[in-house]
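Visitor: dropping a prediction and its sequence here:
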Amino acid sequence: MSLTRDPISLILLPTLECNAACEYCFEDKSRARLSHEQLAVIIDKICTYMVEQGIVTLAINWQGGEVMVLPPSWFEEAGSLIQEIARSHNREVEHYIQSNLIGYSREWLPVLTEMFNSSIGSSLDFPNLYRKLPGGGPEQYKAIMERRIRQVQEDSLDLGIIALPNEETFAMGAARFYDYYVKHLHLKSFQINTPFAGGTDTPAKSAYPLDNERLTAFLLELIDIWMAEGYAQGVRISPFEQLLNYFLDREQHLLCIWGENCANEFFCVDPLGNLSQCDCWAASYPAFHFGNLLEPGGLGALLTNTPARNRFLERPAALMAVEDCLDCAYLALCHGGCPVRAYTMNHDIRTKDPYCPTYKALFSRMEQVAAHLAAQGGCLPVSAP
Amino acid sequence: MSELVYSVPVELASSRLGQPVILRAADPGNLLSLPAGYRIEDILYIRLYGIGAPPLPDIFSNSGIAIDYVLTNAADQSATLYNLSRLLSGCDLRVSIPMQPGFSRAVKLAAALSFTVKLEYSGSFPGMSAELAETLDIYLHQSTVSQPIDFFHSLLLHFIHQDAVTLWQIQEEDPALYRQINGQGQEVMAGLSTRRPLPASPASFVTDLQKELSATDSECRDCPFMDCCGGYWKWPNRELSCAEYQLPEVFHILRSAALELSRDQEAFSRDAAGRSGAEP
């Protein structure tokens, strides 16, 4: 079964090398790097597939490892190369980048402006317990990141931050969490992800998945704060914003963990050319690779004829048979949640996401908030219903 | 629509050349056997049977033609609905689900996948009223349902707009408007009861049935929904008790929902007019 959506989304890992040593990282790192020659082969095969399927646009999400261990010149050359190949196939390409920003300097401005539309994503937790430089500690990392964030903002780049909550986040509370990102870091948008114990076991990962009751209480409190203080002021918190738009019947793009099947939405290529579902699978679960784009054969064959990919394609239907998803009022949103979160908890992809109770509570709350907003006839700030 | 529409198996499509048709095929590949000169514009939609069929030939998937995918076994096939949107990517898609045991779960999944749904009736079964009630509740109240579930949706619209429509028309089974050519080339009633021969007076069948039931069946005689129901549930089984299967309740609930929607709309218009100073 092919990927037929337009745009087609590619998570591209040009390197698995990283300049950080985060304790909870789900990737097993290496020094592998993609050459431009290899990049050309990969992009050409993808564009050929796009022509076969009638897909016009390729959205490339550049991630690592850490992408900024490669110099800006690497990306400048990569961008030109990709543009040339895409043009030869009469296709279009969009670029997005996710970086830890440790290597950021103004040297990156031209390529970020030209290739990435002056936009960049990064990550920082509150409190930061697990993000570190090699040999360093969390406080040092936090200090460096805060300097980088200020620098990026001074350079007028559009910055999105992903935060992973932890047990100390719950202890500190949603108000301090919110104030840190909005008032201290002056961020207008950030995203909260749910952590999972992917890759090699570490003490940090022993806490995952997080306790659903505590996570739910934290998130619901955060929603209240956001609606009271930030929503009308233009502060955007993902996934709350997307869920609100969903229930208000507005255009939205739900997180990749929710939806019919992520296998129909995107795929990942690592620096060795291995194809997998996403970066969560690429570096740590070789048994889930679909194949290799640097070997003979096209993308279409790897997307349609591999047992590994079929497991992802078959997952939602399998969940309907073994889990209680069909009884859930929010099946249309969730479809069993994220396969990697399910796998790292249960060692079986045909189980539902362990954060199911949290998601249900979130969906229910945002549905109520949306109904309240709609009844008020607009986007006024409201207290919790 | 007043022109008679025939549902024909693709193998016999040549018998209706130049007429509006609903094409039936168990294998989409058979669609390539359509005779030369067959106009895509004459095809109202294509009715496919059985999940797991290969993708639609390009000429049809690229034409914008609507597809009606029929689950032949609601309980067993529902989980494979996940394959459907990829098999038929880019097509306008409806899933027809037979009202058999387990159909409510198939409807839930189809609705969760944002498919338009059509419930198809071929006879009552124990538990039907509970599944119908559950499905109706999902249609009316589950906020994640974004596409119509018929016959509920069309009945709701009937109650809102007070137009002259019967369940026979909604279900595309009124022989005055819809007929089926079976595999032997015979003209029969449309819908799941396709083994039923065409009545003697197909053009007045529904009216005749209403008259007959009003005269002989006390349930129908006293039913406030006879006009829009048209005796649909009591054909061919005159012995069916609508009360036993709580069928009037379905109409009551939809009519109440229509009233509520209409009142909400009127209130909104009054408020909007009040804010603007204009007449509502």
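Guide: Ah, there it is.
Visitor: and residue A:160, that's in a strand?
Guide: Yes - Residue A:160 sits within a strand when classified using DSSP: H, G, I helix; E, B strand; the rest coil.
Visitor: quick check, it in contact with residue A:188.
Guide: No - between residue A:160 and residue A:188 there is no contact under Cβ atoms under 8 Å: 9.4 Å. Yep, even glycine has a C-beta here, placed from its N, CA and C like the rest.
Visitor: those two - which one has more neighbours?
Guide: residue A:160 (18 against 15; other Cβ atoms under 10 Å in any protein chain shown).
Visitor: pLDDT wise, what is the more buried one at?
Guide: Per-residue pLDDT puts residue A:160 at 96.
Visitor: that one bridge partners, please.
Guide: Judged by DSSP bridges, the bridge partners of residue A:160 are residue A:121.
Visitor: residue 139: what's it in contact with?
Guide: Here I'm looking at chain A. residue A:128 (Cβ atoms under 8 Å, 6 or more residues apart in numbering or on different chains).
Visitor: wrong one, chain B
Guide: B:111, B:145, B:149, B:152-153.
Visitor: quick check: next helix or strand after the helix or strand harbouring it?
Guide: For residue B:139, the element it lies in under DSSP states H and E is helix B:128-141. Downstream of helix B:128-141, the next assigned helix or strand under DSSP H and E is strand B:149-150.
Visitor: and that next one, how far from the chain's centre?
Guide: In terms of Cα atoms, centre = their mean, to the nearest Å, the centre of strand B:149-150 is set 7 Å apart from its chain centre.
Visitor: do me a favour and average the pLDDT over it.
Guide: Average pLDDT, strand B:149-150: 98.
Visitor: count of neighbours near residue A:287?
Guide: Using other Cβ under 10 Å, residue A:287 has 7 other residues around it.
Visitor: same thing with residue A:259?
Guide: Look at residue A:259: counted by other Cβ under 10 Å, it has 18 neighbours.
Visitor: contact partners for it?
Guide: By Cβ under 8 Å, 6+ apart, the neighbours of residue A:259 are A:265, A:335.
Visitor: so whatever residue of the stretch 51-200 of chain A ends up closest to chain B versus residue B:43, what's the distance?
Guide: Per Cβ to the nearest Cβ, residue A:54 is where the stretch 51-200 of chain A lies closest to chain B, at 8.4 Å. Between residue A:54 and residue B:43 the distance is 22 Å, computed by Cβ to Cβ, to the nearest Å.
Visitor: with residue B:91 instead?
Guide: Counting by Cβ to Cβ - residue B:91 and residue B:43 are separated by 12 Å.
Visitor: which residues are in contact with both of these two?
Guide: By Cβ under 8 Å, 6+ apart, residue B:91 and residue B:43 have these common neighbours: residue B:65.
Visitor: and stretch A:302-322, which residues are buried?
Guide: A:302-303, A:306, A:308-309, A:311-320 (16 or more other Cβ atoms under 10 Å in any protein chain shown).
Visitor: filter these down to the ones close to chain B.
Guide: A:313, A:316-318, A:320 (Cβ under 8 Å from any Cβ of the partner chain).
Visitor: so which of those residues would you say is closest to residue B:214?
Guide: Nearest to residue B:214 among these is residue A:320, at 44.1 Å by Cβ to Cβ.
Visitor: surely that closest one meets residue A:335?
Guide: No - counting by Cβ under 8 Å, residue A:320 does not reach residue A:335; the two are 9.1 Å apart.
Visitor: where in the chain is pLDDT low?
Guide: No chain specified, so I'll use chain A. Scanning chain A for pLDDT under 70 picks out the ranges A:1-2, A:378-385.
Visitor: that's the wrong chain, I meant chain B
Guide: For chain B (pLDDT under 70), the answer is B:1-2, B:50-62, B:77-79, B:85-90, B:193-195, B:277-280.
Visitor: how about the strands of it, start to end?
Guide: Taking DSSP state E to define them, one finds strands in chain B at B:5-9, B:21-25, B:43-49, B:66-70, B:92-98, B:116-120, B:149-150, B:178-181, B:187-189.
Visitor: indicate which one of the ones you listed is closest to residue B:253.
Guide: Across these, residue B:253 has its closest neighbour in strand B:149-150 (13.2 Å, Cβ to Cβ).
Visitor: tell me the secondary structure for the residue nearest to residue A:283 when sequence neighbours are not counted?
Guide: Nearest non-adjacent residue to residue A:283, counting by Cβ to Cβ, 6 or more residues apart in numbering or on different chains: residue A:27, 3.9 Å away. Assigned by three-state DSSP, the conformation of residue A:27 is coil.
Visitor: what's near enough to touch residue A:27?
Guide: A:16, A:18, A:65, A:198-199, A:279, A:282-284.
Visitor: what do you get for residue B:112?
Guide: Taking Cβ under 8 Å, 6+ apart as the criterion, residue B:112 is in contact with A:331-332, A:335, B:144.
Visitor: again, only this time at 6 Å
Guide: Contacts for residue B:112 (Cβ atoms under 6 Å, 6 or more residues apart in numbering or on different chains) come out as A:331-332.
Visitor: with adjacent residues omitted, what lies nearest to the most centrally placed residue in chain A?
Guide: The centroid of chain A falls nearest to residue A:256 when counting by Cα atoms, centre = their mean (7.0 Å). The shortest distance from residue A:256 to any non-neighbouring residue, by Cβ to Cβ, 6+ apart, is to residue A:262 (5.3 Å).
Visitor: just to revisit the earlier point, now the helix holding residue B:139: buried residues?
Guide: B:128-129, B:131-132, B:135-136, B:138-140.
Visitor: tell me which element residue A:190 is part of?
Guide: Applying DSSP H and E, one finds residue A:190 within strand A:189-192.
Visitor: now do the buried residues in the helix or strand that comes right after that strand.
Guide: As assigned by DSSP H and E, the chain's next helix or strand after strand A:189-192 is helix A:212-225. Within helix A:212-225, the residues scored as buried using 16+ other Cβ under 10 Å are A:212, A:215-225.
Visitor: how about helix A:212-225 as PDB, C-alpha atoms only?
Guide: Taking Å, rounded to 0.1, in the frame of the first residue of the first chain, the C-alpha atoms of helix A:212-225 are listed here in PDB:
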ATOM      1  CA  ASN A 212      -1.300   8.900  33.500                       C
ATOM      2  CA  GLU A 213      -3.200  10.300  36.500                       C
ATOM      3  CA  ARG A 214      -0.400  12.800  37.300                       C
ATOM      4  CA  LEU A 215       0.100  13.700  33.700                       C
ATOM      5  CA  THR A 216      -3.600  14.200  33.100                       C
ATOM      6  CA  ALA A 217      -3.900  16.500  36.100                       C
ATOM      7  CA  PHE A 218      -0.900  18.500  35.000                       C
ATOM      8  CA  LEU A 219      -2.200  18.900  31.400                       C
ATOM      9  CA  LEU A 220      -5.700  19.800  32.400                       C
ATOM     10  CA  GLU A 221      -4.400  22.500  34.800                       C
ATOM     11  CA  LEU A 222      -2.200  23.800  32.000                       C
ATOM     12  CA  ILE A 223      -5.200  24.000  29.700                       C
ATOM     13  CA  ASP A 224      -7.000  26.100  32.200                       C
ATOM     14  CA  ILE A 225      -4.000  28.500  32.600                       C
END
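Visitor: between the helix ranked longest in chain A and helix A:212-225, how big is the angle?
Guide: As assigned by DSSP state H, the longest helix anywhere in chain A is helix A:356-376. Orientation check (axes from the mean of the first three to the mean of the last three Cα atoms, to 10 degrees): helix A:356-376 against helix A:212-225 gives 20 degrees.
Visitor: what's in contact with helix A:356-376?
Guide: Counting by Cβ under 6 Å, 6+ apart, A:212, A:215-216, A:220, A:223, A:243-244, A:247-248, A:330, A:333-334, A:382, A:385, B:143 sit against helix A:356-376.
Visitor: of the residues you listed, closest to residue A:353?
Guide: If you rank those by distance to residue A:353 using Cβ to Cβ, residue A:334 comes first, at 7.6 Å.
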